[in-house]
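J.: what's the 3D shape of this:
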Amino acid sequence: MRVRPMTERDAPEVADLSGQLGYPSTVAQIRRRFERLSVDTDSAVFVAEGEGGRIAGWVHVLGRCFLELDPYAELGGLVVDAAGRRKGAGRALVTAAEEWAERHGYDTMRVRSNMKRIEARPFYEGMGYAITKAQNVYQKALP
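T.: The predicted model follows:
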């Protein structure tokens with residue numbers, strides 16, 4: 001399993017995996033989003049390559065700064081192909097994100113996971129993460 005930074009050419013496989021995560025995206029949408037993220041020095045996207053160089057999963061990590069909290073890094077998204085789970089790709093991707101966070105001066109890593117993702121809880125807890133709060137997320141479309 002090889003983890004490396006995402007490139008624009010990974011967009012088709014990343015789009016497919018985004019759908020598996022529950023966020024259906026076109027290749028054009030992924031390319032547009034990645035173009036913006038790729039110039040953000042406080043954000044990174046890594047992919048895990050499986051057999052034959054096929055993308056087995058991806059992770060997005062970003063720095064977060066708020067007035068009321070010390071800065072921390074957060075996993076913005078993590079997905080491993082359903083057919084290739086439990087083979088180390090998720091662990092490798094999270095480790096890459098944590099290493100990025102340390103290199104960028106963050107001493108805390110957070111991840112938010114929908115409560116319906118029951119398989120995520122033992123995965124994150126097995127990597128040393130602990131639940132620290134539950135919350136509601138509110139959203140409003142802007143004109």
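J.: Residues in contact with the lengthiest helix in the chain: which ones?
T.: Using DSSP state H to define each element, the chain has its longest helix at helix 89-103. With contact meaning C-beta atoms under 8 Å, 6 or more residues apart in numbering, helix 89-103 is reached by 1, 3, 44, 46, 48, 50, 56-59, 61, 63, 73, 75, 78, 80-81, 109, 123, 127. C-beta here means a position set from N, CA and C on the backbone, and glycine is covered the same way.
J.: before we move on, what about stretch 75-87?
T.: Stretch 75-87 is contacted from outside by 1, 17-18, 20-21, 23, 43, 48, 50, 55-62, 89-90, 93-94, 97, 109-112, using C-beta under 8 Å, 6+ apart.
J.: Check which helices and strands the helix or strand where A48 lies sits against.
T.: Here A48 is covered by strand 43-49, with elements defined by DSSP states H and E. Applying 3 or more C-beta pairs under 8 Å, 6 or more residues apart in numbering; DSSP states H and E, we find strand 43-49 packed against strand 2-5, helix 11-21, helix 27-37, strand 55-66, helix 89-103.
J.: Mind checking those for the one nearest to A141?
T.: helix 27-37 (17.0 Å; C-beta to C-beta).
J.: who does the closest one touch, helix- and strand-wise?
T.: Using 3+ C-beta pairs under 8 Å, 6+ apart: helix 27-37 touches helix 11-21, strand 43-49.
J.: which of those sits most buried?
T.: strand 43-49 (a mean of 22; mean count of other C-beta atoms under 10 Å).
J.: now that strand: mean pLDDT?
T.: Here strand 43-49 scores 97 as its mean pLDDT.
J.: got the angle between that strand and helix 89-103?
T.: For strand 43-49 against helix 89-103, the angle by axes from the mean of the first three to the mean of the last three C-alpha atoms, to 10 degrees is 150 degrees.
J.: Adjacent strands (with direction) for strand 43-49?
T.: Applying DSSP bridges, strand 43-49 is found paired with strand 2-5 (antiparallel), strand 55-66 (antiparallel).
J.: just to revisit the earlier point, sort out which of the contacts of helix 89-103 are buried, if you could.
T.: 3, 44, 46, 48, 50, 56-59, 61, 63, 73, 75, 78, 80-81, 109, 123 (16 or more other C-beta atoms under 10 Å).
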